[in-house]
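1. Got a sequence here, can you model it:
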Amino acid sequence: MKTATIGLALALAGTTAHAGTRYVIADRMLDVETGTYRANPLIAVEDGKIVAVGSGAAPAGANVVDLRGHTILPGLIDMHVHLTGSARIRGYRSLEYTDAFWPTLGVGNARDMLRAGFTTVRNLGSADYADVALKQGIDGGFYPGPRIVPATWSFGATGGHCGGSNLLPPSYKEQTERGVNGPEAVRFQVRENRRFGAGVIKVCATGGVFSKNTEPGQQQMTFEELKAAADEAHMLGLKVAAHAHGAEGIKAAIRAGIDTIEHASLIDDEGLRLAKERGAWLSMDIFNTEFTQSEGKATGALEENLRKDREVAQVQRDNFRKAVRMGVRQVFGSDAGVMPHGTAGGQFATMVQYGMTPLQAIQAATLNAAEALGQKGQVGTLKPGAWADMVAVKGDPLADIRELAGVDAVVKGGVLVE
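-> Coordinates of the predicted model:
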């Protein structure tokens, strides 16, 4: 990540700074709704939130975050991360580490996501409520990181993806995820997750790539189970994300009322039409396969996993392009943790390569993601009432989306991130 030269500049103006107000200045600001730029933006921040957006110089004596020489845009949102995982540890190698090791990874991974420009993330699955603990640590100011929407335990059908460990014999009752059976068990798990801090529910509708003895195309939760998850979560005011690679599982999840479809690798034309008709969001991680294929063997990934990754990678990218052409709603989801967290911004260029305009890719990680989170107007925008979260780059991200692969500066809540 490039380091910005940020100086404290006190502009000479005819007014005096209001106590408690901080100002952010830059050369220009991208309006992600219209794709237009505002020159010389002046953003006033109080208590971490934007109170006014204008242009010109800051008042005399003001507390200023000086980003002159840069373009600013809203802080980025990654809708699919795994903060307590490591891209360097796969397969049986994970059994070398004690249970308490995994939450410790979250502090560094959260820091890396923030430095990469992601000021809000949705953590889709974490054992022992570790993502809730990370959120508490970050919100309490103990260490830096993005705003976290935690899912706590992800769950699926017993023996399937997200249905418990597939690596160990029955005598070892390792529980990294939870297997549930039947609509009532699903309802209980939704309530249990919410009870202990979940801000979103994650279910696994199909098999997966990085689990043993499951196939991505297999549907593993019934429509009734998926509908129970959606109905219960929505009653409690929560959104639901469904891991779903296979075409039939995707369609069952959309028909059940699931809000976001994760991966959507093998989605067919009927599924794309259904997603568009029902307003479901697709979150397609089309960037990470280069890392998994080049580094997977060294990380301990099983050949079974690498084979599945190879089989779905290009199909997923082609279906991403089809979804763009059809106007299906999409959000940015990298699956960070499958590849190193700090590299998540590299996905923007892949999204453009496979059919999005730079503005569409940026909107997927700002406006669209905020709406899919249920936080429209709070994140993903630089307007009064929103958190003062933003990133700065030296170039023009609409001309070269690769600017977002290595942002120059990050501001969270009006405070420059070191």
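2. From now on I want contacts and neighbour counts done on CA atoms only, so please keep to that.
-> Fine.
3. Flag every buried residue along the helix or strand where Pro103 lies.
-> Element membership for Pro103, per DSSP states H and E: helix 101-115. Applying a neighbour-count criterion of 16 or more other C-alpha atoms under 10 Å, one finds Trp102, Pro103, Gly106, Val107, Gly108, Asn109, Ala110, Arg111, Asp112, Met113, Leu114, Arg115 buried in helix 101-115.
4. Need the contact partners of the helix or strand just after it.
-> Sequence order places strand 118-123 as the next helix or strand after helix 101-115, per DSSP H and E. Strand 118-123 is contacted from outside by 75-83, 113, 131, 145-151, 379, 389-390, 412, using C-alpha atoms under 8 Å, 6 or more residues apart in numbering.
5. Which parts of the chain are helices?
-> With DSSP state H, the ranges of helices along the chain come out as 101-115, 130-139, 183-195, 223-235, 247-256, 269-278, 289-299, 303-326, 347-353, 358-364, 367-373.
6. Distance to Tyr92 and mean pLDDT added to these, as CSV?
-> Putting the helices of the chain into CSV (distance: least, C-alpha to C-alpha, whole Å; pLDDT from 0 to 100) gives the following:
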stretch, distance to Tyr92, mean pLDDT
helix 101-115, 15, 97
helix 130-139, 22, 98
helix 183-195, 28, 97
helix 223-235, 30, 98
helix 247-256, 28, 98
helix 269-278, 35, 98
helix 289-299, 10, 96
helix 303-326, 12, 96
helix 347-353, 28, 98
helix 358-364, 35, 98
helix 367-373, 34, 98
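7. measure Lys412 to Val64 for me?
-> 14 Å (C-alpha to C-alpha, to the nearest Å).
8. how far does stretch 387-404 sit from the chain's center?
-> 17 Å (C-alpha atoms, centre = their mean, to the nearest Å).
9. what about that stretch, start to end distance?
-> Stretch 387-404 end-to-end distance (C-alpha to C-alpha) = 20 Å.
10. Buried ones in that stretch, by neighbour count?
-> Buried residues in stretch 387-404, counted by 16+ other C-alpha under 10 Å: 387-398, 401-404.
11. Gln353 - how many residues pack around it?
-> 13 (other C-alpha atoms under 10 Å).
12. Oops, could you answer that again for Gly237 instead?
-> 13.
13. Going forward, count from 8.
-> Sounds good: first residue 8 from here, last item Gly244.
14. where does it fall, phi/psi-wise?
-> Dihedral pair for Gly244: phi 80, psi 20, per degrees, to the nearest 10.
15. Give me the pLDDT value at it.
-> Gly244 carries a pLDDT value of 98.
16. again, but for Leu102
-> pLDDT, Leu102: 89.
17. That one: what's it in contact with?
-> Applying C-alpha under 8 Å, 6+ apart, no residues contact Leu102.
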